[in-house]
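[1] Sequence and computational prediction follow.
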2 protein chains.
Amino acid sequence: MKQLTARGERTRQKLLEAAERIFAELGYHDASIVKITESAGVGQGTFYLYFSSKKQVFDEVVLDLNSRVRHAMTEASEKGTTRSERELLGFGAFFRFTAEHPALYRIIRQAEFVSPETLITHYERLTSGYVTGLRQAMDAGEIADGDPEVLAWSLMGIGELVGMRWILWNGEQAMPEAVFDELARIIVRTIGAQDIDP
Amino acid sequence: MKQLTARGERTRQKLLEAAERIFAELGYHDASIVKITESAGVGQGTFYLYFSSKKQVFDEVVLDLNSRVRHAMTEASEKGTTRSERELLGFGAFFRFTAEHPALYRIIRQAEFVSPETLITHYERLTSGYVTGLRQAMDAGEIADGDPEVLAWSLMGIGELVGMRWILWNGEQAMPEAVFDELARIIVRTIGAQDIDP
DNA sequence: CTTAGACCTGAATCGGGTCTCATGTTTGTG
DNA sequence: CACAAACATGAGACCCGATTCAGGTCTAAG
């Protein structure tokens, strides 16, 4: 599998998108190659021209979702000036992404057994950028001092469960404003945001 | 399946324990009835004398773990007097349970597709008791005011991811003390605990 | 218009899983 | 001790899925 022509690239992309769709809908185990290729509109055998196994396409889907969600969060949070603001913008982007791509959740929860290495990679990529930002804010005295790693994982946990409860279980609607407002207060407390004004 | 004799009860229990073990180790899909019955030391057919399907035994294992972890948390947190204290004792119990029964995590993450109803029941039972306690503490002015439900889910999220990172991924060891101490500070901030002393 | 190379196909192979059932074994009671 | 009710068994019926492969089809360059 090396150089693909435009046609090959197109087919590969169709398969990747179909895989994301089917994995999200049915879960890893009930998603069969037949269903994926059917949904992509290609023959069964075609799958193996582009991916070496079901697990491999799974990993690729996870990593793809990972880089997309991080991109969305980074882009949003860069618009903020204080750490609180940045944090809330990041959460907002995360929830929006979740509502649009429930696959993120549904697929990642499966990774525990399907592909633990990829699960770890996913979470570590999410935290590592996070930790840097939090440490800077700590050094600047913008938020409470402490171990930024524990804080980063705590914040991810909040996002994960609140997103599950109010987005996934709400039919992938946007989150009610009241919930987000409450959450905003909680997050500001959690990071221990300080007023910097002297 | 109605009245079981002592012998029947014993066999059923052996199967339930074996199922928990095997599900935790292999995940739902790779856990086969053959493996469960082998691990329990009974014949394959015996399984169906006590459970009607693989999914049913899964649900039973989840609900059993759920009631055990809640019991452990409640018992621990009742020893505390302030809400902060209670909260930290509850978290401690949760982490201890996780270290001793990694099945809790590994199994529940699978439930998303295997048995979504049971997943929801699990989380809702965990929060519902939580919400009551938090509301009382809010009314007593012990912690920051707000929607106790959002706060309950946030706290669960923290426990879930921090437990995953520092217990599951650490070979099911107890959590490093430094991490727990840091976490304690984070939790106290998150609930917005107030000094009550006038 | 030819043709090499890229691309596509789905039937067939192979492995494995759930659940049933006809047949035995154990236990407690009269 | 006899025997009904409970309990236990594992072979096999039945189903389904990942992956392979031998044989087409498409496309772009000459």
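    Here it is on my side, so go on.

[2] quick one: A:D59 from A:G157, how far?
    The spacing between A:D59 and A:G157, counted by Cβ to Cβ, to the nearest Å, is 24 Å. Quick note: C-beta positions are derived from backbone N, CA and C, even for glycine.

[3] if you skip the residues just before and after it, what's nearest to A:A152?
    In space, and not counting its chain neighbours, A:A152 is closest to A:Y130: 4.2 Å by Cβ to Cβ, 6 or more residues apart in numbering or on different chains.

[4] Model confidence score at the residue in chain A that DNA strand C sits nearest to, please.
    Residue of chain A nearest DNA strand C, by Cβ to the nearest atom of the strand: A:G45 (1.6 Å). Here, the pLDDT recorded for A:G45 equals 95.

[5] What is the burial count for it?
    If you count neighbours by other Cβ atoms under 10 Å in any protein chain shown, A:G45 ends up with 9.

[6] Show me what from chain A comes close to DNA strand D.
    By Cβ under 7 Å from any atom of the strand, the residues of chain A that approach DNA strand D are A:5-7, A:30-34, A:44-45, A:47-48, A:53-55.

[7] returning to what we had before: which of A:D59 and A:G157 has more residues huddled nearby?
    The neighbour comparison of A:D59 against A:G157 (other Cβ under 10 Å) goes to A:G157, with 23 against 18.

[8] could you list every residue that touches A:F95?
    A:G159, A:G163, A:I167, A:A174, A:M175, A:F180 (Cβ atoms under 8 Å, 6 or more residues apart in numbering or on different chains).

[9] and if you look at A:D64?
    By Cβ under 8 Å, 6+ apart, the contact set of A:D64 is A:L16, A:E20.

[10] ok, now A:P102?
    Contact analysis of A:P102 by Cβ under 8 Å, 6+ apart lists A:A24, A:I167, A:L168, A:E172.

[11] To which secondary structure element type does the last one belong?
    Reduced to three states with DSSP: H, G, I helix; E, B strand; the rest coil, the structure at A:E172 is coil.

[12] Quick one: the helices in chain A, in order.
    For chain A, the helices defined by DSSP state H cover A:6-30, A:33-40, A:44-50, A:54-77, A:83-100, A:103-114, A:116-139, A:148-166, A:177-191.

[13] which of these is buried the deepest?
    Most buried of the helices of chain A by mean neighbour count (mean count of other Cβ atoms under 10 Å in any protein chain shown) is helix A:148-166; its value is a mean of 23.
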